[in-house]
Each structure stands twice: as structure tokens, then as C-alpha cells.
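> Sequence unavailable; structure follows:
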């Protein structure tokens, strides 16, 4: 599609037509692409030099490893918030360690349960796993420890509330620093399938009072483009097959030539179908009922969102109530519409807009069922390993003693089990990622949230709960407490898992085998030169960095939090191990983002919000539940203080904290300094340029405007330089001041020029029609009073 645009507008002598399927590839172009998509800021000095593949600036300014977290906001607040979440997780673990962990470790070490029962318990062993465990206690319930557990819970709840406020302030700060089209836009769902752009414009424009109507600047419709995406995927797959065939070591023969011809014919057929589809896109596709509406100011978009401010539950109840109550103010024709802040254009998965909510729900149910089956398979694997440990122990037990070789074998089997569990967690990550893609969610953020929640819970169950259940299965007549301290029992198994969990994730991330393989492919294919059979697109993919997987990173942190909180009372050594892991993970991930990763799609704050809302509250429930389990196991009773802790943790999980403290937690959304009309030509992303249906026309207009601006800037700089060279410094300084004065006021450069020669130059260089304000304009727009018609809805907001 981009080639059509280049053909239409022509090429300069030094330019060329970018072909993603060209063979052999241009490796310099691939390196330029890798530089353009790096996780770095575009260079201020060479903004005009862009990658023909992705449109990003090739020259970039690297971000220092010691930078502030806010400096990593180049594609939204998502990355800074991830590192803030890491810091927050470390803080709550330190609070847990100070309030409860230190005391519990000291008291556990002073116990002597194993020594007191040495002659009656042949499996008992005074190793590090048992000495610092709660199972080493010989005294009754420690009320001081229970009180410290309760205090830790209260402190963490309070810190979490303050963190929510801090996170909202961080989002607001990032939002003020970066202006994007989502600041001016809303997403509208459940529109009639036959609704038109003009009808949608009229509907939202009429919400404002007649004296100050809302200015709808753009309506981007989402379409059902599944067939088109399927054709493109088939083409990419066929091109990859052709590349593999061409670079194979098999010499040309009749069979290879036949296969090559078949693939080329298939590619030709697909190209014809794609061209036919693209020639009349709007007649080939059906409107999905989802639209992105852009207003002239962020204040107007915010007013509309407040007017339609209902949760999904309220919308469901509203649809049921509409059978008896009129809800005309929420309806577009006869449909109750949903209105939210629009995601970033790059966050939208356009081909998934054709799936309705019911279809997505059915797919989510199917993926949840498959995830349960996968966890059942994991339980079987770990159960088999534990059975092996038990068999070795029984075979090497004589009288009241277990041989040293049996202890060593059980220890090694525990390490093997830990490694296998880690490998299973990696496989779970791959499988669940595939399952989540099957859910067909409409944005990458929604997919990341679904993946992070499913993966975090699955990995926690696989790491912590399945290990516990296996030990329950193998408990003998002496009870579960014995199974905790025996050789190869729960203490040993969980301790080894804690050590493995504290070291393997960041080691595997830093010494990434896939990264090493890509380095090998780069060197190998670059040495082949003109003999390389890769396409340009494949070469670009080899040289570009990995897209950061924030959902996987969040799930790893949350697995560690839940694992640590659940076993904190039984094995307090888990707390310093988890803190060490997260501190190292912070610096390793920061290095990976700044040195190896690419920008990836824009990332908003919703993912971080969901992680706090779901996992931190769940971790406290697991902490209280674990305390009740270990007290019942060790002391044969659960103290009332433990029940109070459990009730408190459940209460903070159930209560809507955000709603109860909304006045303090919420931060007023930042107003943009410019209107959409003033900054639309400087926005790096746009719905129309991302939407496959409108992409061609929108990019044509954008490239045309960008070309004019570039030529104007170059001509202006050449004129100033010429005046300086000819020693006409006074004239150069006069013109430069005039340019700056006019730019500061958002006026064309031909205003306020004082002599006819300069007026002639500026009128020639800066056309009259170019009224766009420069990106460095700092004058704040006067806040417009946006009012929604009172006859439609009365509310408490100042906008109604």
C-alpha cells in the first residue's frame, strides 16, 4: 500500500521504492530500520531522515542507563509505570521483612522440633531448609508474631493506597509531557452497523449547546477486515516459504523448480486478490460498530466521556432496564452506546474490531478451560518427580537412618524439579500467549492484561500450589507436619524453588538464547551479501530488537509476590530472596529496554492499574490464607488474630477502594496546550493512518503536508545561511527574529516582516495556506466552556 503512495507522488533521484519482499535485502536499510525502532528518542538534529519501512527517525539519542524512570516515556506511560511497579513491589516486600520477617526468622531458628523428635522421626534433618522454618517451632502460638502479621497487612494496604495516588500523578505528568491523538479522542462501541460518518459527527456535535457546539474534527470507523488480514498473512507465509526454498542447500532440480513455481503462482494470485481488495476497500468491508471520534480540544473529549461515564456492569443493567425505563440520552438511534477514552492508534488491533463482546466471552471461556487442562498436566509431571524422590528415599532407608546418598539424590531431584517447573512456566507463557491471541481482543493493552492475569495465576499455581498439593498427597500416617520437614519434603522443595525463582528468570532474560541466535543470523546473512535469499522484511526482523513483553514481565513479578506472601510465615527466608531478585530484575530489565529492545506499540497506564487492583490485593489474601494454613498445620489451631487478618485482606479485595477514595486518588486529566487543528500535522500517530481501510489516503495527505513543511524549513535555513555568508548579519538577525516571533504566535512567517525584499522571500517560502502552528508553541489555549445540553442529562459535573 505504501508503494502506491510513493508511485503517486513520485521519487527524487536519491530516493527509491521500498519493497518489503525485495531479494537480496539491503542490509544498510535493515540496520537503519533497527536504529529507527530502537527504544530511544528521535535525534533532534536529523528529524527529517526517516526509515522508509516504519516512518520513524533513523538517528536516535540513546537514553542513559542511569536515567530517571520518567525519561523512558517515549511510547507512553506504560514503561515508566512498569519500573515504578517494580520499585513498589520491592518496598512492600521490605515492609513485610521489617515488620514480620526478621522476628519470625530469629524465633524459628531458636526452635528445636527436629532435634526433640530425632529418635522418633527418622526423616528429620537439621538443614537450612528446616532450621529457619515455622515447622521448627516447639512452643505454642506466638501472639506477637500474629500481631506483626496484622500490622504488616495494614501497612501494605496503606502503602498501596498511596501508590495508587502516586501512579495517577505519574500518568498525569507523562500525559502533560506528550501530546497524542488519544488526548482529543473517544472510542464509541455498539453503534449501528449502517451508521455513517456524517451521522456520527452530527450526533456528537449536537451534544453541546447551540452557542458552543462540540467540534468533531475526525471520525474513524473500524471495519471487519478479517478476510484482508488473512490474505496478507498467507502472502507473508508464502514469501517465507520461498525464502527458505531459495536459501536451502539443495541444488536446483526438477522438484525444487516445481515447488518454486507453485509458490510464485500462489503469491501472484494472492497479490491480485489483495490489489482487488485494496482498490475499493470501503465497499469490500463492513462497519464493525466501533468508531474513534476526535474533537478539537481535549476538554471537549473529556466532557463527552463524563457524559457517558458508565461502567460495563452499569451498561449491562442499563440495557436490561431499557425494557422498562427510557435511556434516550445514552442511545444512538436505538442502541445504547459505550464511550471511553480512545486508546493510542498503534494499540488498536484493527482486525479484531469485527468480533462482538459475546464472541470474545466465548473465546475467553475456552482459553480458561484449556489453561486448567495445562495446569493439570503440570500437576501430573511434578507428582511423578515427587514419586521418584519418595521411591529413592524408601529404597535407601535402613532402620531409623536415611543414607547420605539418598539425601543427595533427593536434593538433586529437588533441583531437577525446580528447573522443570521453570521450564514449564516458560512453556505456559508461550501456550497462554497463543490462547490469549485466540480471544480476539480489540487492543494490545487488553491482550496484555488478559495474558498477565492468566499467566501470573497459572505460574503461581504451578510453582506454589501444585508443589503443596503434591506434598499433601505423599503425607503418611504421621501427618502433614512430618511431610513438611522430611528429606525431600515441602520445606526442601519450596526452598529450592525460591532460590531457582530468585535467579533463573533474570539470568534467562539477560543471557537470552534467542538474542544470541539473532546475532548469529545477522552475521551469517550479512556475510552472504548478494547471495542472501532473505526478503527485506525478513532482514529487518533479524536486525530489529525484540518487542518488550510487559505482560510476561508483570506476571513474573506477580508470581514472585504471591509465592513469597503465601510462604512468608512458613519460610521467611523467601522475603530477602524475593527482594534480591526484584532489585536485579530492575537493572537487568532497564538494560534490556535501553540496549536490546525496540519501541513496540504505545503502552498506556491501564495495564499497571489492573496489576495493582488485582495482584496486590490478591497477594494480601494469599498471605493471610497461608498464615491460617501453616498455623493449623504446626499448632493444630488458628488464632482469632489470624482470622481478623484474613477478614481484613478479604475486605480490601471486595471493597472498591478506587470508588471510596476517588476524590483523593483521582488526578485531574491534563489539558493539552494546543488544539487538534494546531498540532494535527505534528502528531506522530493517527487513527486514519493506522486503519488499514483509510491508511492509503491518510498517509498520502500526511506525506504531502510533511514534504511541504520540510521544503519550507530547508528554504528558510538556506536563506538565513546565505545572508550570513554575504556578511548581511543585520538582515539575517532581523529575519530570524521575525520567524521566531511569528512561530511563537502560531502565525505564518510572512507576518511582521519589515521590508519588501523579505516579504517577497517569505511569501515564496511559506505559502499563505500553511496555518499550522509549530510544535514548539507554548501558549496555552484558553479553556473553553464545554456544556452538554441539560435537557438530555443533568449531572454533578461542571460540563453538564
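Here it is on my side, so go on. Given the structure is predicted, the values throughout are model-derived calculations rather than measurements. Numbering: from 1, shown residues only.

> so who does residue 608 touch?
77, 78, 81, 82, 84, 85, 167 (Cβ atoms under 8 Å, 6 or more residues apart in numbering). Yep, even glycine has a C-beta here, placed from its N, CA and C like the rest.

> and which of the residues you listed is nearest to residue 544?
residue 78 (19.3 Å; Cβ to Cβ).

> Identify, from the contacts of residue 608, the entry nearest to residue 496.
Checking these one by one against residue 496 (Cβ to Cβ), the nearest turns out to be residue 85, at 27.3 Å.

> Format the contacts of residue 608 as a markdown table; extra columns: neighbour count.
A markdown table is the format used below for those (neighbours: other Cβ atoms under 10 Å):
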| residue | neighbour count |
| --- | --- |
| 77 | 27 |
| 78 | 26 |
| 81 | 28 |
| 82 | 23 |
| 84 | 18 |
| 85 | 23 |
| 167 | 22 |
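
> In helices, which of those appear?
Among the contacts of residue 608, the members found in helices (DSSP state H) are 78, 81, 82, 84, 85, 167.

> Now distance to residue 308 and pLDDT too, for the contacts of residue 608, in a markdown table please.
Output for those, formatted as a markdown table (distance: Cβ to Cβ, whole Å; pLDDT from 0 to 100):
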| residue | distance to residue 308 | pLDDT |
| --- | --- | --- |
| 77 | 24 | 81 |
| 78 | 25 | 84 |
| 81 | 26 | 89 |
| 82 | 30 | 92 |
| 84 | 30 | 91 |
| 85 | 30 | 93 |
| 167 | 25 | 83 |
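
> Would you mind giving these as CSV with distance to residue 529 added?
Shown next, in CSV, are the contacts of residue 608 (distance: Cβ to Cβ, whole Å):
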residue, distance to residue 529
77, 43
78, 39
81, 44
82, 40
84, 46
85, 46
167, 50
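
> Which one of those residues is nearest to residue 129?
residue 85 (30.8 Å).

> if we can go back for a sec, among the ones in helices among the contacts of residue 608, which one lies nearest to residue 656?
Within those, proximity to residue 656 (Cβ to Cβ) peaks at residue 167, which comes in at 16.8 Å.

> any idea how far that closest one is from residue 178?
17 Å (Cβ to Cβ, to the nearest Å).

> Which positions in the helix or strand residue 94 falls within come out as buried?
Assessed by DSSP states H and E, residue 94 sits inside helix 78-96. For helix 78-96, a neighbour-count test (16 or more other Cβ atoms under 10 Å) marks 78-86, 88-90, 92-93, 95-96 as buried.

> Report all helices and strands that it contacts.
With contacts defined as 3 or more Cβ pairs under 8 Å, 6 or more residues apart in numbering; DSSP states H and E, helix 78-96 has these neighbours: helix 143-177, helix 550-567, helix 574-595, helix 606-611.

> Packed most tightly, which of those would that be?
helix 550-567 (a mean of 26; mean count of other Cβ atoms under 10 Å).

> That one to helix 78-96, inter-axis angle?
Comparing the axes of helix 550-567 and helix 78-96 via axes from the mean of the first three to the mean of the last three Cα atoms, to 10 degrees yields an angle of 10 degrees.

> Over to residue 290: give its phi and psi.
Main-chain torsions, residue 290, degrees, to the nearest 10: phi -110, psi 130.

> what does the one 5 residues further on give?
Backbone torsions for residue 295, taken as degrees, to the nearest 10, come to phi -100, psi 170.

> Figure out how far the helix ranked longest in the chain is from the centre of its chain.
The helix that spans the most residues within the chain, counting by DSSP H, is helix 357-395. The chain centroid and the centroid of helix 357-395 are separated by 26 Å under Cα atoms, centre = their mean, to the nearest Å.

> I'd like the numbering to begin with 42 instead of 1 from here.
Understood, numbering begins at 42; the last thing we discussed is helix 398-436.

> quick one: residue 561 from residue 690, how far?
50 Å.

> what's the spacing between the residue nearest in space to the middle of the chain and residue 428?
By Cα atoms, centre = their mean, the mean C-alpha position of the chain lies nearest to residue 591, the distance being 4.5 Å. To residue 428, residue 591 is 38 Å away according to Cβ to Cβ.

> which stretches of the stretch 642-791 of the chain form helices?
647-652, 658-676, 681-695, 698-701, 703-706, 717-720, 728-731, 736-766, 770-785 (DSSP state H, counting those that start in this stretch).

> Give the closest residue to residue 187 in space, chain neighbours not counted.
Sequence neighbours aside, residue 682 is the residue nearest to residue 187 in space, at 4.1 Å (criterion: Cβ to Cβ, 6 or more residues apart in numbering).

> these two touch, right, that neighbour and residue 184?
Yes: if you go by Cβ atoms under 8 Å, residue 682 and residue 184 touch, sitting 6.8 Å apart.

> got the contact list for residue 198?
Counted by Cβ under 8 Å, 6+ apart, residue 198 has contacts 661, 689, 693.

> let's go with 10 Å and repeat that
133, 657, 658, 661, 689, 690, 692, 693, 698 (Cβ atoms under 10 Å, 6 or more residues apart in numbering).

> Filter those residues down to the buried ones, ChimeraX style.
In ChimeraX, a selection of the buried entries from the contacts of residue 198 looks like this (16+ other Cβ under 10 Å):
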select :133,657,658,661,689,690,693,698
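
> Spatially, which two of the contacts of residue 198 are the most separated?
That would be 133 and 692, which, of the contacts of residue 198, are the farthest apart (Cβ to Cβ) at 18.2 Å.

> How about stretch 532-541, which residues are buried there?
Neighbour-count burial for stretch 532-541, counted by 16+ other Cβ under 10 Å, picks out 532, 533, 534, 535, 536, 537, 538, 539, 540, 541.

> With stretch 651-667 instead?
Buried residues in stretch 651-667 (16+ other Cβ under 10 Å): 651-667.

> what does stretch 309-316 give?
311, 315.

> and residue 330, what element?
If you go by DSSP H and E, residue 330 is part of strand 327-336.

> Who are the packing partners of the helix or strand that that strand is followed by?
Counting by DSSP H and E, the next helix or strand C-terminal to strand 327-336 is helix 339-348. For helix 339-348, the elements it packs on are strand 226-230, helix 238-246, strand 257-265, strand 327-336, strand 379-382, helix 717-720, judged by 3 or more Cβ pairs under 10 Å, 6 or more residues apart in numbering; DSSP states H and E.
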